[in-house]
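Asks: Quick one: sequence plus predicted model below, questions after.
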Number of protein chains: 2
Amino acid sequence: MNPLTSPLLTDLYQLTMLQAYLNSGIRQQAAFEFFVRTLPENRNFLTACGLETFLDYLEGMRFSPTELIYMKGTGRFSSDLIDYLEQFQFTGDVYAMPEGTVFFTDEPIIRVVAPICEAQLVETRLINMVQFETLIASKAARCVIAADGRASLIDFGVRRAHGAEAGLLAARASYIAGFIGTSTVLANAFYGIPIFGTMAHSFIEAHDSEEAAFIDFCLANPQNTTLLIDTYDTPNGCRKAVEVAKILAEKGIRVQRVRLDSGDILALSKEVRQILDQAGYRDIEIFVSGNMDEFIIEDLLTSGAPINGFGVGTKMDTSADAPYLECAYKLTEYADRPRMKKSSGKVSLPGRKQVFRSYEKGRMTGDVITVEGDSLAGTPLIEQVMVGGNRLAKPRTLQETAAYTRDQFNALPRDLRALRTAPAAYPVALSPSLNRLKAKIETSLDR
Amino acid sequence: MNPLTSPLLTDLYQLTMLQAYLNSGIRQQAAFEFFVRTLPENRNFLTACGLETFLDYLEGMRFSPTELIYMKGTGRFSSDLIDYLEQFQFTGDVYAMPEGTVFFTDEPIIRVVAPICEAQLVETRLINMVQFETLIASKAARCVIAADGRASLIDFGVRRAHGAEAGLLAARASYIAGFIGTSTVLANAFYGIPIFGTMAHSFIEAHDSEEAAFIDFCLANPQNTTLLIDTYDTPNGCRKAVEVAKILAEKGIRVQRVRLDSGDILALSKEVRQILDQAGYRDIEIFVSGNMDEFIIEDLLTSGAPINGFGVGTKMDTSADAPYLECAYKLTEYADRPRMKKSSGKVSLPGRKQVFRSYEKGRMTGDVITVEGDSLAGTPLIEQVMVGGNRLAKPRTLQETAAYTRDQFNALPRDLRALRTAPAAYPVALSPSLNRLKAKIETSLDR
């Protein structure tokens, strides 16, 4: 059982509900929608991500003999359920906003339409994947907007990510949002995302001197020469890097970058720039890391720190200031009848929905959530991506998705690009037809 | 390539440093230690977790043919490195505090002693696993202490956990910390952790009435009868549960629990308790979920909410108020010489270390971090767990570890059990021998 593909990475209730559905013959078509209820603090928009990861999962979703044997062994599950799962494959339709689409609260970004057993069973893993990648793409978006083309960003977060899959998916989500790459090797092997790396403090400490460490590293990695200069004293480390750059030049090796990972980065980056420039190394770039996030990136660059690139790790890969989204995957229709929940504070919108977005001079001006099938002004954001369990088209490449995402960010109203909550939220309205449907269902529930 | 076992789930620099080590013949023994630099807000202690997960990884750590072919294909890596990795297995020693041990800042909880290439290569995944499980065990510990035996706790967080492995490991870490189980089915299949589940709002909504949903569910799952009563109106839902309990009693099925997932939980739990009691169902328990954390659990129980169990999800599985630890895996010795880093604000302690803990009347009174080999008063916390790449003993069962962890929590000074930062931190001292070593290395670095 591989946790990444196992359908048993789910909540027990998905299986016990299935058992009840099978038992009572509740097998008709259902529609579920995934949406976010509220924006976390300081977020003016979110960036949809994780759809293709989820579609991959759906296409491969099977119960293996080992999984079925385990299930039988628990004594919890009926033979009807085991028989059903033995044959299980996802046969439903999926509708979604493409990855990289900017979206707002209450807007469905994924809709699953399938026999209720199937649509229900995929809930846990859908949320597990899509909330995480959306969280990270939305956090990375803030870093990209903060850097504003002035410096490159690289994901350095795999070690503090929450487990293996989080490390891998964070590389994917941040690349979609505009990072140029990651330090995570497996993300290159899996997704072809460019990888970058420097050296660790331990590497310096294992040598008798910084110079020796720098030279050893560059001789072994002549195409990949970023020198970490803060192990003992940053300006001193920089002067040693300069000496090493001279020695290596004679061997035809160019020092590309120095890295700072601690201390007063603004002051040190300026001092280091000066040392490099005065030694004639205007082409050696300055790369910084250590506790970086969108606020620090913006502050440093706005203060004129001569930084060419940032390694962004922990705070992005955990979305540290907002490590989860208030999101839900809700039944909106069963057996052709719209459904909704009325639990206090957790009302959901009934029926299959579409979102229309209006633009003026290339900037987004407002969204309307409406009943599917309505034709409103603006661009519909939700499209069908899977029919009968099969993708309608080959997924876009990550590069294409990243380009699409960049266009999305460029179309944001200026206020929404701020790192703090904008004075006014982006306008998202419910259409008259959706309001009528909501009122009708509410009335029927009050009976 | 399976991300959970692949040694390529690592930072690129681990491989490029290895290439340099091999190239320059730096192959001697190194010691690295994993520790936490600072406690997050509101944390008075941490709970070590993830060691056994990491040892499993070490025991199985191999580069597969596919991984080596990938590496060759990148053109980045020397044939010396590929040859080395083809033969790679971890041959080092590991020393650690047992899982479940309470620990504090600067105390090493894991030490890896191995040829430097091996000890360095495992860094990324060690941190990726151990920081996460420690984070979750430490968060779960707070929930357990808040509940204080007055209610049971169940992990409900897999859907908001950051990916598949996080969901699985959060179930493991919270069980070690004292949760009675999880909703994650795969955690039962992998670790034998007890699983629990209820039903979703969608299940209710897919039926024509709450009663029908309750009955369908219980008939299909007669051993697992928790009724979700808040979909439309909680007291009403509870009265329907009572009606259903009467009907089911005739069929020999007992309703075990009702679940509340929204609204004013304190008031509703009291009202629901009254409805159940008045109907003669004193044995039906009240289970609550929805945005639970240690603060809410303590508030509810202290306010007299008649709650028997909590489902704790998002906020625990993401450790929402502290989603990462300021931790590090640092070289402390190479080629028999202690090493340390002096980067501004990030000084580390040199040499192989041990921690001694003193007790009075069964309560911890203070720790001393010292040089390995010293014999001080108190109990040494770090023991050898792996020699030459092999575990010294079979791992404890999770039940044994959970019992050990409970004893650890019971030995905490009362102040440290508070959910807010205690007035005084737990005393952790450096021994004179460690202070002397530190001063000596600092002087040598200042040369």
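Replies: Received it, and whenever you're ready, just let me know what you need. Numbers count the residues shown, from 1 in each chain, chains lettered A, B, ... in the order given.

Asks: residue contacts, the residue in the stretch 1-150 of chain A positioned nearest to chain B?
Replies: For the stretch 1-150 of chain A, the residue closest to chain B is residue A:12, as judged by CB to the nearest CB, at 3.1 Å. Just so you know, the C-beta spots here come from the backbone N, C-alpha and C atoms, and that holds for glycine as well. Taking CB atoms under 8 Å, 6 or more residues apart in numbering or on different chains as the criterion, residue A:12 is in contact with B:183, B:184, B:185, B:195, B:196, B:197.

Asks: Hmm, the second one is touching residue B:171, no?
Replies: Yes: Residue B:184 is in contact with residue B:171 according to CB atoms under 8 Å; the separation is 4.6 Å.

Asks: which neighbours do those two share?
Replies: Joint contacts of residue B:184 and residue B:171 (CB under 8 Å, 6+ apart) are B:155, B:158, B:193.

Asks: who touches residue A:359 in this structure?
Replies: Counted by CB under 8 Å, 6+ apart, residue A:359 has contacts A:365, A:378, A:379, A:411.

Asks: ok so, going back, dump the contacts of residue A:12 to JSON lines, plus pLDDT, secondary structure and neighbour count.
Replies: Conversion of the contacts of residue A:12 to JSON lines gives the following (pLDDT from 0 to 100; DSSP: H, G, I helix; E, B strand; the rest coil; neighbours: other CB atoms under 10 Å in any protein chain shown):
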{"residue": "B:183", "pLDDT": "98", "secondary structure": "coil", "neighbour count": "27"}
{"residue": "B:184", "pLDDT": "98", "secondary structure": "strand", "neighbour count": "33"}
{"residue": "B:185", "pLDDT": "98", "secondary structure": "helix", "neighbour count": "28"}
{"residue": "B:195", "pLDDT": "98", "secondary structure": "strand", "neighbour count": "24"}
{"residue": "B:196", "pLDDT": "97", "secondary structure": "coil", "neighbour count": "22"}
{"residue": "B:197", "pLDDT": "94", "secondary structure": "coil", "neighbour count": "25"}
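
Asks: can you tell me which of those residues are up against chain A?
Replies: B:183, B:184, B:185, B:195, B:196, B:197 (CB under 8 Å from any CB of the partner chain).

Asks: And the strands in the stretch 51-200 of chain A, which stretches?
Replies: Remark: strands assigned in the stretch 51-200 of chain A by DSSP state E, counting those that start in this stretch are A:93-96, A:102-103, A:110-115, A:152-155, A:181-182.

Asks: try the stretch 201-350 of chain A
Replies: A:226-228, A:257-260, A:285-288, A:309-312, A:326-334, A:337-338.

Asks: could I get those as CSV with distance to chain B?
Replies: Formatted as CSV, the strands of the stretch 201-350 of chain A follow (distance: least, CB to the nearest CB, whole Å):
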stretch, distance to chain B
strand A:226-228, 9
strand A:257-260, 10
strand A:285-288, 12
strand A:309-312, 10
strand A:326-334, 4
strand A:337-338, 10
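
Asks: Would you tell me which of these gets closest to residue A:54?
Replies: The closest of the strands of the stretch 201-350 of chain A to residue A:54 is strand A:326-334. By CB to CB, the value is 11.0 Å.

Asks: pLDDT weak spots in chain A?
Replies: Counting by pLDDT under 70, chain A shows low-confidence ranges at A:343-346, A:446-447.

Asks: centroid residue for chain A?
Replies: Per CA atoms, centre = their mean, the C-alpha nearest to the average position across chain A is that of residue A:133, at 2.8 Å.
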